[in-house]
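Engineer: need a structure here:
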Amino acid sequence: MTSLSFLNLLTILAVFLLLTETLSAQELPRRVQIGLAMQPVENGVQITFAPEHQPAGMAGMLEGDIIRSIDGEPVTSQLDVIEKLRNERPPSLRFSVERNGREEVVTVHPQEVPLLDHPDFEFHYGVVETDDGTLRRTIIRKPHGDGPFPTIVMLGGIGCYSLDSREGVAYIDMLNELASTGYLTYWVEKSGMGDSQGTPCMEINFDTELSGYRAGLSQVRTMSDVDQNRVILLGHSMGGLTGPILASETDEPLHAIIAMSTFGVPWFEYLIANSRRQVHFSDLSLSEIENRMSETVKVHYMYTIEKKSPEEILKIFPDRAGSFNLPHHYSYFQQVADYKPLDLWSRTGEAQALLIAGGADYVVSIDEHKYVVDNLNNLRPGSAKFIFIEDMDHGLRFARDQQAARAGESGAFHSELVPAIINWLESIDD
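Structural biologist: Presented below is the predicted three-dimensional model:
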C-alpha cells in the first residue's frame, strides 16, 4: 500500500547502508557504508546513485555503471551486494563494472557510518531483543533537559529502509521536528536493516515485523525518561494497522494512537478498492477496466483468503506477475489479511485516536479514515478525530494532487503535519 515513488525511495535507502563492524562486546556491531543505490538489470545491478562524498563515489564509481561481480563473484541482485558485505566484512572490495561497454575494475574501501547528532536534542543508540533472540537497533531522540518526556513510538510502513540517516525518508524530518518540540521519539530498525540483526527485510513476514515493535514498546515501558502516562503510538501506512494491534495486546494504557495514510478495512477489501483506484489512472476503456477488475478480485481472493502462493496463482493467471512484485515475502501480506482493523481499533482501551489523510494520496482512501473515526466515536463519543491535509501525498510530502504524486512529482516533507499532530496532542492533554 506504499506508492511507487515512496517505495523506490525506501529501496534506495535499503541498499545505501550495508556493512557492520564491531564496537564492543555489549553493543550491536556498527555498520559501514559504501554509499550506493542500485537497481537490477540483466546479469548485474546498475548504479543509480553514487555521491562523490561516499566511498564508492570517491573510488570512481559512477551512476550508470553496471556491477557484474565483486571480488570475482557474480552479482545478480542488490542482495548479492548486501550479503557479500554483511557476511564477509572485507576492508576493501574489487568491483568489476561495465561502463560504456568496457570493463573497469574499481576498488572501494567501506567507511564506518558516523552516529547522528542534532543541536536541538540528543541521539541515543540502543538495542532491543525480539522474541526469536535477534537484536535490533533502537534510535532514540531525547529532548535536552530532565524528563520524563511524552514519548512517541514510531511504527513504519511497508518497505525496507533505515532511519539511521540524516535525510531521505520523511519519517526522519518528522521525528526531528517532534523531538525539537519536546517529545522523546523511539524507533526500532527493521529486521536486517541498518545495524539490526535478523532475516533480510525483503524476506520477512508480518509477524517478524511485529516482533520488533512489540519488543520496542515493552522496552519503552521500562524507560525512566518516558512519561508512562503519555505514551503515543504513531503509525504510517501499514503502521496504522500495527498501532491498534499493539494497543489491543497491552494491559498498560496508551495515551493516544495516531494513524497516518492508512487503511481501515480488511486487507482483501483494501486491495480491491485500491486496485480499482489505480486502474482508473490507466488508459484502459471502461469495458477493459471492468474485465481487469473481475480478474483482479479472483487473484486477490486466491492470494489473501485462500492463501495460495504466487506460483500457484500464476499458473492460472500467467499475465499477473506484476501483482507479486512485493517488498516483502508474500506471506507478510497474507498474515496482514487475517486482521480486522475496526475490531482492533475497538479494543484500544481509553486511548485517544487521530487519523490523518492527504488529498494527494492515491494509495489509500480518505473515506476509510473517516470510517474508523466515525465508528470509534459511536463506540466512545469524542475519542477520535480526523484531520485532512489537502496537498499531502502517501509519503507525507507536498504534492499538487494525486496525479502529480503518482508521477513522482512530490516535494519536501509536509510542513503542516507535525504542527497538526502537536496541536491535537496538546488538546487531549488539556
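Engineer: can you show me the helices along the stretch 1-150 of the chain?
Structural biologist: 4-14, 55-59, 78-88 (DSSP state H, counting those that start in this stretch).
Engineer: show the model's pLDDT score for the residue sitting nearest the centre point of the chain.
Structural biologist: The centroid of the chain falls nearest to residue 157 when counting by CA atoms, centre = their mean (3.7 Å). Residue 157 is assigned a predicted lDDT (pLDDT) of 96.
Engineer: ok, it touching residue 236?
Structural biologist: Yes. If you go by CB atoms under 8 Å, residue 157 and residue 236 touch, sitting 4.8 Å apart. No exception for glycine: its C-beta is placed from N, CA and C like everyone else's.
Engineer: where in the stretch 1-150 of the chain is pLDDT low?
Structural biologist: Regions of the stretch 1-150 of the chain meeting the criterion pLDDT under 70 cover residues 1-26, 87-89.
Engineer: what about the strands in it?
Structural biologist: Taking DSSP state E, counting those that start in this stretch as the criterion, the stretch 1-150 of the chain contains strands spanning 19-21, 30-33, 37-41, 44-49, 66-70, 73-74, 93-99, 102-108, 111-112, 121-129, 135-143, 149-155.
Engineer: okay, now the spatially closest residue to residue 327 that is not a sequence neighbour: neighbour count?
Structural biologist: With CB to CB, 6 or more residues apart in numbering as the criterion, residue 327 has its nearest non-adjacent residue at 5.1 Å, and that residue is residue 159. For residue 159, the count of nearby residues is 23 (other CB atoms under 10 Å).
Engineer: I'd say residue 159 and residue 394 touch.
Structural biologist: No. Using CB under 8 Å, residue 159 is not in contact with residue 394; the gap is 11.5 Å.
Engineer: residue 234 versus the residue nearest to the centre of the chain, what's the distance?
Structural biologist: Separation of residue 157 from residue 234 (CB to CB, to the nearest Å) stands at 12 Å.
Engineer: do the same with residue 118
Structural biologist: 19 Å.
Engineer: neighbour count winner among those two?
Structural biologist: The neighbour comparison of residue 118 against residue 234 (other CB under 10 Å) goes to residue 234, with 26 against 12.
Engineer: mind listing what's buried in whichever strand or helix holds that one?
Structural biologist: Taking DSSP states H and E as the criterion, residue 234 maps to strand 226-236. By neighbour count on 16 or more other CB atoms under 10 Å, the buried set for strand 226-236 is 226, 227, 230, 231, 232, 233, 234, 235, 236.
Engineer: just stretch 242-255 next, same as before
Structural biologist: Buried, per 16+ other CB under 10 Å, within stretch 242-255: 242, 243, 244, 245, 246, 247, 250, 254, 255.
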